[in-house]
Structure formats: C-alpha cells, structure tokens
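>>> Pasting the sequence and the predicted model now:
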Amino acid sequence: MNPMVLLTQALPLVVFIIVDSLVTDVRISIFCAILFAAGQLIFTGRRTHRVDWFVLLDVGLIAALGGVSIAFQNDLFFKIKPAIIEGVTLVFMLALILAPSGFLTGYFGRMMQGKTLPPEALGRMKSLLGWMCVWVALHAGAVLYTAFFFSRRVWAFVSGPGFYLVFIPILVMLLLKIWRSRRGSGVPHI
C-alpha cells in the first residue's frame, strides 16, 4: 500500500482530534472530519484526474459511520472506522500473499512503472506482507479495544500515531537483518 494513502487516511482523524480538543460537542468534530475527508477526495481527484478507490472507500466510511454516530449521538461508530479500513487492508494483503507469483510480478510491475520485480524478491515480499498483516491486525484490535473501553483521547492516540508506532519493531527488525547480512557478506558498512 502506498504510504501517502496511509498519510491521507490519517488527516481526517487529525482534524477530528484538533476540533475535538477545541469544542465539547463530538458531533461538530465528526462533521468537520467528514467535510475535510470530502474536500480531500475532491482535491486529490482534481489533482490526479482519477479516483483512488481506496480513498473513496475511506471517505465513504468516514461519512457513513460519522453520520450514524451523529444520528445516534454515539461516537463509537466513528471510532471503529480505522479498524474497518485496516480489516479491508488485511484482506487485500492476504490476497497478495496467496496470489500466484505471476500475478504478483504483474501487479508490482504496474506499481513500479514497468520495472520488473526479480523472482527471488517475491518470497521476501510475501514475508514482509505477512509481518505487516500481523501488525495491522494487532493495531486494528487495539483500535477496537480503545474505542470500546477507553476515552476519546486514548483512542485518538492509538488510532492515529499508534498506527505508525506499531511499525517501529518491524523497522528495527529489518534494519538488524540488513546490518547482519552486510556484516556477514563483507559489504562495506554505511
């Protein structure tokens, strides 16, 4: 998944958190997040001249769950949205893990603008996707848990910056693996 897509998904949440810290009515915070997400979709569509279906799904979920939250005066519906989008992401990543090698080569070739992915990289790619699935599932569980049992502030931290913090162990593990492989192969250290 494109890191910019993840960043754009976090922006409506940031708007919600900022507005929520300024006003006492959660409906206003949710409404501002919905408006921001819709504006973001329009801006992205005009800039790229195409619709990003994942961003459209994200905006649709923000609007639908935000609307339900406002109608029932219960912010829980809005708060579970990050877990739902992560569930969709998990299904997508699992499909990539289970896909045949030829499909993956073509898929990543389109993403890499015509460059080909070496066959030996496919195993590593699937392994990385597997680790990402584990971490995304853990984060989705944490989002749901905090949505049901903690304050909005705790939920906002876990569902926003918490998503990126959860990848720190993966980054450390990858850097250690690269360092060990370079050290063992005699490649000069950077």
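Sure thing, it's come through.
>>> So for the top helix by length along the chain, mean pLDDT?
What stands out as the longest helix in the chain, according to DSSP state H, is helix 119-149. Mean pLDDT, computed over helix 119-149, is 88.
>>> what's that helix packed up against?
helix 76-79, helix 81-98, helix 101-111, helix 152-159, helix 161-165, helix 168-185 (3 or more Cβ pairs under 8 Å, 6 or more residues apart in numbering; DSSP states H and E). Any C-beta I mention is one placed from the backbone N, CA and C, and that applies to glycine too.
>>> now the angle from the second one to helix 152-159?
Looking back up the chat, that one is helix 81-98. In terms of direction (axes from the mean of the first three to the mean of the last three Cα atoms, to 10 degrees), helix 81-98 departs from helix 152-159 by 20 degrees.
>>> With the third one instead?
Relative orientation of helix 101-111 with respect to helix 152-159: 110 degrees, computed using the same axes, to 10 degrees.
>>> separation between Ser29 and Arg152?
9 Å (Cβ to Cβ, to the nearest Å).
>>> same thing with Asp58?
20 Å.
>>> Please identify which of the two sits among more neighbours.
Ranked by neighbour count (other Cβ atoms under 10 Å), Asp58 and Arg152 place Asp58 first, with 23 against 18.
>>> For Ile97, give me its contacts.
126, 129-130, 133 (Cβ atoms under 8 Å, 6 or more residues apart in numbering).
>>> now, which of the residues you listed sits nearest Ala10?
Of all those, Ala10 sits closest to Cys133, with 19.7 Å by Cβ to Cβ.
>>> Kindly state the neighbouring-residue count (a burial measure) for the closest one.
18.
>>> got CSV for the helices and strands packed on helix 119-149, with mean pLDDT and distance to Ala37 too?
What follows is the helices and strands packed on helix 119-149, written out as CSV (pLDDT from 0 to 100; distance: least, Cβ to Cβ, whole Å):
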stretch, mean pLDDT, distance to Ala37
helix 76-79, 88, 11
helix 81-98, 89, 10
helix 101-111, 77, 24
helix 152-159, 86, 15
helix 161-165, 75, 17
helix 168-185, 79, 27
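>>> Among those, which comes closest to Leu144?
Nearest to Leu144, of the helices and strands packed on helix 119-149 and by Cβ to Cβ, is helix 81-98 at 4.8 Å.
>>> How much space separates Leu11 from Lys126?
Distance from Leu11 to Lys126, by Cβ to Cβ: 30 Å.
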